[in-house]
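After the sequence you'll find the predicted model.
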Amino acid sequence: MDEPLVAHLRALTFERHPISSPSGLRRAQDYLAAQFHRAGLKVAFHAFRALGGTYKNVIGSLAPSRGAGQRTPPPLIIAAHYDTVEGSPGADDNASGLVVLLEVARALSQMTLSREVRFIAFCLEEEDLLGSLAYAASLREANEQIEGALVLECVGYTSEKKGSQGAPPGTPIAVPTVGDFLAIVGNTASASLADAFQQAATRKCRDLKTISLSVPARGDTLPDTRRSDHAAFWHYGYPALMLTDTANFRNPHYHRSTDTLDTLDISFIQRVARAVAATAVNLPPAHSLNS
């Protein structure tokens, strides 16, 4: 068992809600910033106003290695949200995504990178994506290019039972009935980013089962594909993927008090982290809508 990964899960599995547990939300914010700093990342906060107060997205950045005069491609964003719904300790939703964020940050900090990789822990995802919408709006206002965003949304629950996996009504692809895969959800503009992730996962993490779903435009025809921070990037015209265990379509503990560490598949989380890291290292500079 990966002891650092489990230690992160233990440290982050508690209620983190702006109204019922604001101290928990700040505790998670401080923990993530400290872990980014410990891994050698440049740490910053993106503050935004919401719900009558000020909240913060936590950002850890790794700079690219480049020679004098060498142009680097736009940054890649890897993200997960750190708030929970009221009454849930949020192990799968979304401490699982946060520990992948931290593990990939640690791994990439030891590597030579061709582009900036920006790790973002978004606040208030559960409150209509307020944190990621504020951040994506700031990118668009500054006319900043990004290569794309990989958004981790519930990546820790699996089941080997037949019938354990469901799907949203109207899903245009065949979905396995066994919940042991990672779903890669993108839109048309994110197709090349999805292909790059799939190729990296196939080469570097063959024991990770995946299925891919692409929806047109901003995913409005299949609203369940919009239920995480990737949709904020779609809204502002940026390519983004949601990487997910499909949440309530598989996990019976979703948004419940029973969403605890002991329900998670640690090996699955490790495989997701390896696939994300491989994508970040091997992604060619050909996926930005704005380049």
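Sure thing, it's come through.

So what's the residue count around residue 260?
17 (other C-beta atoms under 10 Å). Every residue, glycine included, has its C-beta placed from N, CA and C.

actually residue 137, not the one I typed
Residue 137 has 14 nearby residues by other C-beta under 10 Å.

That one contacts residue 233, correct?
No. Using C-beta atoms under 8 Å as the test, residue 137 is too far from residue 233 to be in contact (10.6 Å).

what's the nearest residue to residue 193 if we skip its chain neighbours?
Nearest residue to residue 193, sequence neighbours excluded (C-beta to C-beta, 6 or more residues apart in numbering): residue 148, at 4.4 Å.

Test my guess that that neighbour contacts residue 240.
Yes. Counting by C-beta under 8 Å, residue 148 touches residue 240, with 6.0 Å between them.

And stretch 258-275, what's buried?
Within stretch 258-275, the residues that count as buried by 16 or more other C-beta atoms under 10 Å are 259-261, 264-266, 268-275.

Same check on stretch 153-172?
For stretch 153-172, using 16+ other C-beta under 10 Å, the buried residues are 153, 154, 155, 156, 157, 158, 159, 164, 165, 167.

Need the distance between the two termini of that stretch.
21 Å (C-alpha to C-alpha, to the nearest Å).

Over to stretch 65-72?
This stretch, stretch 65-72, spans 9 Å end to end (C-alpha to C-alpha).

sorry, back to before: what is the nearest of the buried residues of stretch 153-172 to residue 65?
Taking C-beta to C-beta as the measure, residue 65 lies nearest residue 155 of the buried residues of stretch 153-172, at 28.5 Å.

dump the residue contacts of that closest one.
For residue 155, the contacting residues are 92, 96, 97, 100, 182, 243, 244, 245, 268, 269, 272, by C-beta atoms under 8 Å, 6 or more residues apart in numbering.

Of those residues, which belong to strands?
Under the assignment DSSP state E, the contacts of residue 155 contribute 182, 243, 244 to strands.

how much space is there between the first one and residue 143?
Okay, so that is residue 182. 33 Å (C-beta to C-beta, to the nearest Å).

of the two, who's got more company?
The neighbour count for residue 182 versus residue 143, taken as other C-beta under 10 Å, is higher for residue 182 (22 against 7).

residues touching the more buried one, list them.
So residue 182 contacts 155, 201, 208-211, 243-245, 268, 271-272, 275 (C-beta under 8 Å, 6+ apart).

what about it, distance to residue 64?
Distance from residue 182 to residue 64, by C-beta to C-beta: 27 Å.

how about the helices of the stretch 101-250 of the chain, start to end?
Here the stretch 101-250 of the chain has its helices, by DSSP state H, counting those that start in this stretch, at 130-141, 191-204, 230-235.
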